[in-house]
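*Asks:* just the structure for this:
(2 chains)
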Amino acid sequence: MQLDVFQALSDPTRRRIVETLLDGEHQVGDVVEKARIHQSGVSRHLRILHESGFVTMRPDGQRRLYALRPEPFRELEAWLDRYRRLWESRLDRFGAALEKKQRKQSKRNKGS
Amino acid sequence: MNTENIRAASRIVIERVYRATLDDVWELWTTKEGFESWWGPEGFRAEVHSLDARVGGELRYDMIAATPEMVAEMKKMGQPPSHGVRSRFTELRHNERLVLTNVIDFLPGVQPYESTIVVDLAAVGASVRMSVTLGEMHDAQFTRMQKEGFTSQLTKLDARFGATTTK
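*Replies:* Numbering: from 1, shown residues only, chains lettered A, B, ... in the order given. Below you'll find the predicted structure:
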């Protein structure tokens, strides 16, 4: 199942795993220890994070090393950009409405 | 990842300076005519049913898709062309500060939740500096994540990716 970035991070355990990986590559054992989550849970969540593109895995001998990928975080950033733009254009309209209001007022003042 | 945006994740602040009087700016937020003249968003118009600019007073309006393209777009997303929004003025200091608390209860399958818009005004010479702080996002999933403390996470990701990635 492919989760979107929001769903992938909506789970607190997965966020803890992501947090653990913030300082770089780790193997499963490190994640278990640092995030204080049971091994079976970590494997399952790492798989989900891997499938949703948050995490890469590379084998290193017997070990499997997990690390974060920047792409989904860029996707989050793009989402925030859209939200910000909505408000930027809203405040542009606010400015335009103010100007219109002022024009009306000055006309009224001249008229009186 | 862009540092600014990640920080902004927990709280977006947008600041503008308008050549206007405090009274005029205040009116655009606290009168029916004023509010309808700009709220939008793009492709929508707002129709205010009640606006009671007192602490605890209600602001009720419909957001109505205003162009044929937007009507079609909403239809494509399975949404009606208009929806009602309920807000309250939860703080109000004339020409200085207002807080609008919105009840977001129109998202199908999502528990109603509240989001706040804080507006601070200050006269600067012949202009007004207006800062708008968006406490919680008008987005179901994002708000849910915020409630679960996701935003502090984003700040940390900032440290992880801030310096290393390029656009």
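*Asks:* the lowest-mean-pLDDT helix or strand in chain A packs against which elements?
*Replies:* Lowest by mean pLDDT, DSSP states H and E among the helices and strands of chain A is helix A:5-9, with a mean of 72. Contact analysis of helix A:5-9 by 3 or more Cβ pairs under 8 Å, 6 or more residues apart in numbering or on different chains; DSSP states H and E lists helix A:12-21, helix A:71-111, helix B:140-147 as its packing neighbours. Glycine gets a C-beta too; all of them are placed from N, C-alpha and C.
*Asks:* residue numbers of chain A in contact with chain B?
*Replies:* By the rule Cβ under 8 Å from any Cβ of the partner chain, the part of chain A lying against chain B is A:6-7, A:9-10, A:12, A:15, A:18-19, A:22-23, A:68, A:70, A:73-74, A:76-77, A:79-81, A:83-84, A:86-91, A:93-98, A:100-102, A:105.
*Asks:* just the buried ones from these, in ChimeraX syntax?
*Replies:* To isolate the buried members of the residues of chain A next to chain B in ChimeraX, using 16 or more other Cβ atoms under 10 Å in any protein chain shown:
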select /A:6,9,10,15,18,19,68,70,73,74,76,77,79,80,83,84,87,90,91,93,94,95,97,98,101
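*Asks:* quick revisit: can I get the helices and strands packed on helix A:5-9 in a markdown table including mean pLDDT?
*Replies:* Conversion of the helices and strands packed on helix A:5-9 to a markdown table gives the following (pLDDT from 0 to 100):
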| stretch | mean pLDDT |
| --- | --- |
| helix A:12-21 | 84 |
| helix A:71-111 | 85 |
| helix B:140-147 | 50 |
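*Asks:* of all those, which lies closest to B:Ile117?
*Replies:* Taking Cβ to Cβ as the criterion, B:Ile117 comes closest to helix A:71-111 out of the helices and strands packed on helix A:5-9, the separation being 9.4 Å.
*Asks:* on contacts alone, who are the packing partners of the closest one?
*Replies:* Counting by 3+ Cβ pairs under 8 Å, 6+ apart, the packing neighbours recorded for helix A:71-111 are helix A:5-9, helix B:3-8, strand B:12-18, helix B:22-30, strand B:127-134, helix B:150-161.
*Asks:* pick out the shakiest of these, pLDDT-wise.
*Replies:* The stretch with the lowest mean pLDDT among these is helix B:3-8, at a mean of 36.
*Asks:* so what's the residue positioned nearest the centre of chain A closest to, chain neighbours aside?
*Replies:* For chain A, the residue lying nearest the average C-alpha position, counting by Cα atoms, centre = their mean, turns out to be A:Leu76 (3.6 Å). The shortest distance from A:Leu76 to any residue that is not its chain neighbour, by Cβ to Cβ, 6 or more residues apart in numbering or on different chains, is 5.7 Å, and that residue is A:Val5.
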